[in-house]
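S.K.: predicted coordinates and the sequence they were generated for:
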Amino acid sequence: MILLQLPVPPPGSIENAAIAFAAIASLVVLAKKLLPRHPTAGEFVVKSDFRDLSEKVDALRDKLDTRLVSLSDRLERVGDSLHRRLNDLEAGLARVDERTRK
């Protein structure tokens, strides 16, 4: 009964209201995404945590440096061994080549 007493809106006014509502809602969602939130107490890094992390990073860096040095030494030894073996093979091939020449 009460709804029947309301005046009939003109054509297109509901669409205009819906468009305005959608625009306002999209602006609110965009503002929520772009405006920074206040960090909670758990998000801050304390100096002691930073020092602990720094010490762990330094230890990891030292460990990686020692492994890199040992790996480069191994590669150098393997390279020297391969170089010697190739020289021996080349010398042997040269001797075979001299024997087969006429």
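M.R.: Happy to help now that I have it. Residues are numbered from 1 along each chain as shown.
S.K.: helices of the chain, start to end?
M.R.: Assigned by DSSP state H, the chain shows helices spanning 2-5, 13-34, 47-100.
S.K.: could you dump these to JSON lines with mean neighbour count and mean pLDDT?
M.R.: (C-beta placed from N, C-alpha, C; glycine too.) Conversion of the helices of the chain to JSON lines gives the following (neighbours: other C-beta atoms under 10 Å; pLDDT from 0 to 100):
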{"stretch": "helix 2-5", "mean neighbour count": "5", "mean pLDDT": "74"}
{"stretch": "helix 13-34", "mean neighbour count": "10", "mean pLDDT": "91"}
{"stretch": "helix 47-100", "mean neighbour count": "10", "mean pLDDT": "93"}
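S.K.: ok, now how distant is the residue positioned nearest the centre of the chain from residue 72?
M.R.: When the chain is reduced to its mean C-alpha position, the closest residue under C-alpha atoms, centre = their mean turns out to be residue 57, at 17.8 Å. Per C-beta to C-beta, to the nearest Å, residue 57 is found 22 Å from residue 72.
S.K.: and for residue 13?
M.R.: Relative to residue 72, and taking C-beta to C-beta, residue 13 is found at 78 Å.
S.K.: now swap in residue 45 and tell me
M.R.: 35 Å.
S.K.: residue 23 now?
M.R.: For residue 23, the distance to residue 72 equals 63 Å [C-beta to C-beta].
S.K.: same check on residue 90?
M.R.: 26 Å.
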